[in-house]
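*Asks:* sequence unknown, structure follows:
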C-alpha cells in the first residue's frame, strides 16, 4: 500500500504565534510588613514582604512593576492613594509620598509573601530604606496595573540589563521552557555581585563588570554586546538599564545587528539626574 500524500496545495504549518498579550489587573493599594531582609550581594538587598493585603496579588509578566510607597522618615507614616470613583485620589494633603517602581521578584501564593530585590548602587530613598529594612516595618504596594505577556516561540531570546534589570531577567529565565535558548548580558560591579540565575532553557550567560566605575555608562554593556557573536535565527530582545544606555543598546540591535524592531523591547529603568523614572523606548 502506498503512503498517503498530503492534498495538493495544502498549507504549510502555521507560523508560531508571537503576539504579545496585555493583561489588566484591578488596581489595588496594599499595606504590607517586612518579613525578612537579606544582603544577597554587595550590590543587592532582598526584602520579603507579607500580610493579609497580599490576598489576590497577581504578577504574570516577568517585567511587571509595582509602585512602592515608603514611610515618611520623620513620622513613619505611609501616605498612599485611595481609590475613588474616578480612579486614584490622594489620601492625605501635604507633600507627595516617596514612591518608586520595582519588579516583583517572586510572589508565593501559599505563604502570601512578595519578594523585592533592591539594587543599591545609588543613595536614594528606596536604597536607604532597603538597607535598614527590618521585620515588622511597613511598606505600601500599589499594582501592578497590568502585565505584558511575551510569547516564548522564538528561535532564541536576548536579555540585556544592569543591576536593576536582574529581577526581571531572573523571572524571564525561570519562565522559559526546556528546549528554549537564551543569551544574557548582565552588568554588575564585580564578580561578587553575580547572582545564580536558574532556567530550564539553554542559557549562555555573559557577566559584564564595572569594577568600581559609575553605573549607567554606555560603554560597558554596548562594548560587550558589540563583541558578541549572536546566534542565527529569529529572536526577541529585551533590554533594561539606565535610559541612555538602553537607547544605545536598542539602536545598535536594530541598526547594526538586524533585530526586528517589533521584537525588540527596551526600557529605561532609571535615568541620570532624575528620580522615579521608567521610560519606554521605541526608537
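*Replies:* In hand now; what should we look at? Since this is a predicted model, take the numbers as computed values, not measurements.
*Asks:* OK, contacts around the most centrally placed residue in the chain?
*Replies:* Against the mean C-alpha coordinate of the chain, by C-alpha atoms, centre = their mean, the closest residue is residue 168 at 3.1 Å. When contacts are counted by C-beta atoms under 8 Å, 6 or more residues apart in numbering, residue 168 touches 62-63, 103, 161, 238, 240. The C-beta positions use only the backbone N, C-alpha and C, and glycine is treated the same way.
*Asks:* could you do residue 263 as well?
*Replies:* 18, 154, 234-237.
*Asks:* at 10 Å instead, please
*Replies:* Contacts for residue 263 (C-beta atoms under 10 Å, 6 or more residues apart in numbering) come out as 18, 20, 150-151, 154, 157-158, 234-238, 253-254.
*Asks:* could you pull out the helices for the stretch 51-200 of the chain?
*Replies:* With helices called from DSSP state H, counting those that start in this stretch, the stretch 51-200 of the chain shows them at 125-132, 166-175.
*Asks:* the first one - contacts with which helices or strands?
*Replies:* Which is helix 125-132. Under the contact criterion of 3 or more C-beta pairs under 10 Å, 6 or more residues apart in numbering; DSSP states H and E, helix 125-132 touches strand 29-41, strand 44-50, strand 66-69, strand 99-102, strand 113-119.
*Asks:* list the buried residues of that helix.
*Replies:* 125-127, 129-130 (16 or more other C-beta atoms under 10 Å).
*Asks:* which residues touch residue 133?
*Replies:* 34, 36-38, 45-49, 116, 118, 139.
*Asks:* any of those residues buried? List them.
*Replies:* 34, 37, 45-49, 116, 118, 139.
*Asks:* out of the contacts of residue 263, who's nearest residue 97?
*Replies:* residue 238 (30.4 Å; C-beta to C-beta).
*Asks:* quick one, phi/psi of the closest one?
*Replies:* phi -130, psi 130 (degrees, to the nearest 10).
*Asks:* any chance of the contacts of residue 263 in a markdown table, with distance to residue 274, neighbour count and pLDDT too?
*Replies:* Shown next, in a markdown table, are these (distance: C-beta to C-beta, whole Å; neighbours: other C-beta atoms under 10 Å; pLDDT from 0 to 100):
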| residue | distance to residue 274 | neighbour count | pLDDT |
| --- | --- | --- | --- |
| 18 | 33 | 15 | 89 |
| 20 | 27 | 13 | 89 |
| 150 | 27 | 21 | 92 |
| 151 | 32 | 13 | 92 |
| 154 | 33 | 21 | 97 |
| 157 | 30 | 23 | 98 |
| 158 | 27 | 23 | 98 |
| 234 | 35 | 15 | 96 |
| 235 | 31 | 22 | 97 |
| 236 | 28 | 24 | 97 |
| 237 | 25 | 24 | 98 |
| 238 | 22 | 23 | 98 |
| 253 | 24 | 23 | 98 |
| 254 | 25 | 17 | 97 |
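*Asks:* closest to residue 178 among the residues you listed?
*Replies:* residue 157 (13.8 Å).
*Asks:* who does the residue nearest to the closest one when sequence neighbours are not counted bridge with?
*Replies:* Leaving aside its sequence neighbours, residue 157 sits nearest to residue 182 (C-beta to C-beta, 6 or more residues apart in numbering; 4.4 Å). Residue 182 has these beta-bridge partners by DSSP bridges: residue 157, residue 203.
*Asks:* in this structure residue 275 contacts residue 98, no?
*Replies:* Yes - at 8.9 Å, residue 275 counts as touching residue 98 under the criterion of C-beta atoms under 10 Å.
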